[in-house]
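Engineer: missing the sequence, but the structure's below:
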Ligand SMILES: Cc1cc2nc3c(=O)[nH]c(=O)nc-3n(C[C@H](O)[C@H](O)[C@H](O)COP(=O)(O)OP(=O)(O)OC[C@H]3O[C@@H](n4cnc5c(N)ncnc54)[C@H](O)[C@@H]3O)c2cc1C
Ligand code: FES
Ligand code: FES
């Protein structure tokens, strides 16, 4: 079957099996390795992509069912090949250790900020509830997001 | 994943025809947030997956106090809808407790009801609201009372060739509402969950109360004893505590690997008291 999607801004048609998930298509067929595989049941968040701007578990989406939707992975948020300022905030605040959870964390945060540009700490924590991190203990991730929100707020107004 | 055929139905008639043709071999795909994990782990091995996401079942409408939700309304729409915030806010509060943000992006009302996890929030809400679930098959349409729809763990009154098309319920905009639950980890299914709806009359007495639990039985539990203990009473701390006790005494929850039935019952009683107290405060604010 053909899966149709707009991947990081580029229209794609990809030959897939009916039982192939979006996660398998991205990693195994297209070699998009910034999307990770963890639990395969929607719990861990390392396979997070944005589907039309909202976070989704790519392990729980059938590729054949995409029907032209916009799929954004971490690569889609990089700016001119360089780091996005949120990525820089993660680096500065020690919010990255092994890095396995990081792409999912970043995408989830960016989707939150689209809807709620000035979230407080509890709102950041609530949005990240479904993204597990086995290294940082979460505090530094939330610190990094808070710092980014403060800096961006300063920038626009 | 086990191999299967995938068909995206363009119309309800086409979807119903496919279910009629394939019987037990077919599985409906809505949000995929329960079905795809089962496919990934080979707990479900359908011959054909019938994707219903193209069907026009995504609307939310309220007229004349009756609320209609299409089967494909997503959990996040329940959280974000302005109409629901005004007319039936219990739905948004319940939806915000479902799984994680990714589950809420894709998971649907119809899928949650058809899947019928005993700890799920929306089946308990529909039980409290006394909603009717609209279903269709190639031979016709019918509606089933939510209080009769759930027949056991992951079991419903749906026939294999039927599709849930939506839900119809009184919106109960004048009722105070609250949903309380406890989970072992954020995002897990609840150990126990309770939905409370309360209306008060002009003298501040309880006119009507609705209480339903999730997680405490093999299906949503409609707590009539708690409702009866409150109706016509002044909603004081004592009468609320008495109603919660009545609810708890009617429960005989199961034990599992993590939680004993006795503990679940205790938690259910506490959550019920908190939910009733919040629902009453909101009802007094709305009256
Ligand atoms: C990590 C995680 C945590 C979760 N936590 C919770 C939670 O706390 N509370 C909660 O309530 N749920 C939770 N869920 C489940 C979630 O709410 C699902 O979205 C829901 O149970 C199923 O809805 P769906 O649209 O995804 O259905 P699908 O997964 O597409 O389908 C589920 C089942 O229902 C059938 N079905 C779907 N739609 C219809 C229809 N219209 N007519 C007939 N049959 C239909 C399918 O054939 C399948 O058998 C969680 C899921 C995950 C992955
Ligand atoms: S691999 Fe998809 S959520 Fe864990
Ligand atoms: S940095 Fe290692 S899992 Fe989060």
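Structural biologist: Looks like it arrived, so ask away. Keep in mind that this is a model prediction, so the values were computed, not measured. Residues are numbered from 1 along each chain as shown, chains lettered A, B, ... in the order given. Ligands and ions are numbered 1, 2, ... in the order given.

Engineer: got the domain boundaries for chain B?
Structural biologist: What automatic domain parsing lists as the domains of chain B is B:5-51, B:60-170, B:176-283.

Engineer: any chance of these in a markdown table, plus distance to chain A and mean pLDDT?
Structural biologist: Just so you know, the C-beta spots here come from the backbone N, C-alpha and C atoms, and that holds for glycine as well. Formatted as a markdown table, those follow (distance: least, C-beta to the nearest C-beta, whole Å; pLDDT from 0 to 100):
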| stretch | distance to chain A | mean pLDDT |
| --- | --- | --- |
| domain B:5-51 | 4 | 97 |
| domain B:60-170 | 2 | 97 |
| domain B:176-283 | 4 | 97 |
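
Engineer: Any idea which of these gets closest to ligand 2?
Structural biologist: domain B:60-170 (7.1 Å; C-beta to the nearest ligand atom).

Engineer: in chain A, what spans have low per-residue confidence?
Structural biologist: By pLDDT under 70, the low-scoring segments of chain A are A:154-157.

Engineer: Residue B:87: neighbouring residues, count only.
Structural biologist: By other C-beta atoms under 10 Å in any protein chain shown, the residues close to residue B:87 number 16.

Engineer: for chain A, what spans make up the strands?
Structural biologist: In chain A, the segments counted as strands under DSSP state E are A:2-7, A:10-15, A:48-51, A:54-57, A:69-72.

Engineer: The fourth one - which strands sit beside it in the sheet, and in what orientation?
Structural biologist: Looking back up the chat, that one is strand A:54-57. Taking DSSP bridges as the criterion, strand A:54-57 forms sheet pairs with strand A:48-51 (antiparallel).

Engineer: Now tell me what touches the strand it pairs with from outside.
Structural biologist: Strand A:48-51 is contacted by residues A:22, A:26, A:35, A:55-58, A:61, A:69-73, A:76, A:103-104, A:107-108, A:110-111, A:131, B:102, B:105-106 when judged by C-beta atoms under 8 Å, 6 or more residues apart in numbering or on different chains.

Engineer: Same question for stretch B:173-180.
Structural biologist: For stretch B:173-180, using C-beta under 8 Å, 6+ apart, the contacting residues are B:65, B:86-90, B:93-94, B:97, B:121, B:125, B:193-200, B:208, B:210, B:271-272, B:274-287.

Engineer: tell me the contacts of residue 145?
Structural biologist: Chain wasn't specified; assuming chain A. Taking C-beta under 8 Å, 6+ apart, we find residue A:145 in contact with A:86, A:89, A:109, A:119, A:124.

Engineer: my question was about chain B
Structural biologist: Applying C-beta under 8 Å, 6+ apart to residue B:145 gives the contacts B:130, B:131, B:132, B:133.

Engineer: Please tell me which one of the residues you listed counts the most neighbours.
Structural biologist: residue B:133 (28 neighbours).

Engineer: Would you confirm that that residue contacts residue B:127?
Structural biologist: No. Using C-beta atoms under 8 Å, residue B:133 makes no contact with residue B:127, being 10.8 Å away.

Engineer: Between the two, which contacts overlap?
Structural biologist: Jointly contacting residue B:133 and residue B:127 under the rule C-beta under 8 Å, 6+ apart are residue B:146.

Engineer: can you count the residues close to the residue in chain A positioned nearest to chain B?
Structural biologist: Of all residues in chain A, the one sitting closest to chain B is residue A:130 (2.3 Å; C-beta to the nearest C-beta). When neighbours are counted by other C-beta under 10 Å, residue A:130 registers 23.

Engineer: Next up, the contacts around it.
Structural biologist: Here residue A:130 is in contact with A:42, A:43, A:45, A:108, B:99, B:100, B:101, B:102, B:103, B:186, B:187 (criterion: C-beta under 8 Å, 6+ apart).

Engineer: Give me the nearest residue to residue B:122, chain neighbours excluded.
Structural biologist: Nearest residue to residue B:122, sequence neighbours excluded (C-beta to C-beta, 6 or more residues apart in numbering or on different chains): residue B:112, at 4.4 Å.

Engineer: got the contact list for that neighbour?
Structural biologist: Residue B:112 sits in contact with B:75, B:98, B:120, B:121, B:122, B:123, where contact means C-beta under 8 Å, 6+ apart.

Engineer: cool, residue A:76 as well?
Structural biologist: A:7, A:8, A:9, A:50.

Engineer: These, buried ones only, as a ChimeraX selection?
Structural biologist: Listed next is the ChimeraX selection for buried residues among the contacts of residue A:76, using 16 or more other C-beta atoms under 10 Å in any protein chain shown:
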select /A:7,8,50
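
Engineer: Write out the residues of chain A neighbouring chain B.
Structural biologist: A:1, A:17-21, A:40-43, A:45, A:48, A:51, A:54-57, A:59-62, A:64-65, A:67, A:108, A:111-112, A:127, A:129-131 (C-beta under 8 Å from any C-beta of the partner chain).

Engineer: coming back round to it: counting only helices, which of the contacts of residue A:145 make the cut?
Structural biologist: A:86, A:89, A:109, A:124 (DSSP state H).

Engineer: and of these, the nearest to residue B:2?
Structural biologist: residue A:109 (35.4 Å; C-beta to C-beta).

Engineer: Now the nearest residue to residue A:98 once chain neighbours are set aside: phi and psi?
Structural biologist: The shortest distance from residue A:98 to any non-neighbouring residue, by C-beta to C-beta, 6+ apart, is to residue A:135 (5.3 Å). Torsion angles at residue A:135 (phi, psi; degrees, to the nearest 10) stand at phi -110, psi -50.

Engineer: Now do residue A:135 against ligand 3, distance only.
Structural biologist: 3 Å (C-beta to the nearest ligand atom, to the nearest Å).

Engineer: Would you mind measuring from that residue to residue A:97?
Structural biologist: Noted for residue A:135: a distance of 4 Å to residue A:97, by C-beta to C-beta, to the nearest Å.

Engineer: check contacts around the spatially most central residue of chain B.
Structural biologist: Nearest to the mean C-alpha position of chain B, by C-alpha atoms, centre = their mean, lies residue B:122 at 1.7 Å. Going by C-beta under 8 Å, 6+ apart, residue B:122 touches B:91, B:94, B:95, B:98, B:109, B:112, B:113.

Engineer: for the fifth one, what are its contacts?
Structural biologist: Spelled out, that is residue B:109. Here residue B:109 is in contact with B:69, B:70, B:71, B:72, B:73, B:74, B:75, B:78, B:122, B:166, B:167 (C-beta under 8 Å, 6+ apart).

Engineer: Residue B:53 versus that one, what's the distance?
Structural biologist: From residue B:109 over to residue B:53 (counting by C-beta to C-beta), the distance is 13 Å.

Engineer: Find residues that contact each of those two.
Structural biologist: Both residue B:109 and residue B:53 are in contact with residue B:72, where contact means C-beta under 8 Å, 6+ apart.
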